[in-house]
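>>> need the 3D shape of this:
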Amino acid sequence: MVQDYANAVKQVFATEYDSRAALRSPPHITLQAPFEWNLEEQPQLSQALAEFAQGQVPVPIQLKGFGAFPPRVIYLHIERTPILLASQKALADELERRFEICDPRKARPFRPHMTVGFRDLKRENFRRAWAKFEAQSVEFEFTVPNLTLLLHDGKRWNAVEDFPLLGRSLDSES
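Numbers count the residues shown, from 1 in each chain. Down below sits the predicted model:
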């Protein structure tokens, strides 16, 4: 349902605002910035992500309204909850520890979001779109049960593998 909504909004950006770049990836919340990886070593990365995910709990998500990174990006705003922030930090720390993968944006605070209008959004179209979406009300609450690995094929990002979040929250132990 959330993915369908996000895809529909991406389509609005493509047709009404000439911004198609967001259509080149499935709706997602980026926990780790893109990094280069040798495809021959994907099994090691997949194994590490599977092991990591086993100890992580499913993450409740609160999506509320729209946000922007002016002057080019408009997104569905994801609330910065303690569990989401902790999950993102744990993943970044694990990838850095195991593979020396460092997020170049590490110094900036994590701003969870789902991009709907991307870098190909021209400034004039950004202003028009932001005037429409800034005050638009949208709310979803859902739980993310997996960590998903996205790989870029030279043209688009593709979801290639899901890793179930199998950890148990303290609430489930009572």
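>>> need phi/psi at the residue nearest the centre of the chain.
By CA atoms, centre = their mean, the mean C-alpha position of the chain lies nearest to residue 29, the distance being 1.5 Å. According to degrees, to the nearest 10, the main-chain angles of residue 29 amount to phi -110, psi 120.
>>> repeat for residue 75
According to degrees, to the nearest 10, residue 75 has phi -140, psi 160.
>>> got the confidence number for it?
Note on residue 75: pLDDT of 98.
>>> and it, how many neighbours?
22 (other CB atoms under 10 Å). The C-beta positions use only the backbone N, C-alpha and C, and glycine is treated the same way.
>>> the longest strand along the chain: partners in the sheet, and parallel or antiparallel?
Once the chain is assigned using DSSP state E, the strand that runs over the most residues is strand 59-69. Using DSSP bridges, strand 59-69 pairs in its sheet with strand 73-78 (antiparallel), strand 139-144 (antiparallel).
>>> buried sites along that strand?
59, 61, 63, 66-68 (16 or more other CB atoms under 10 Å).
>>> related to what we said a few turns ago, grab the nearest non-local neighbour of the residue nearest to the centre of the chain.
residue 112 (5.1 Å; CB to CB, 6 or more residues apart in numbering).
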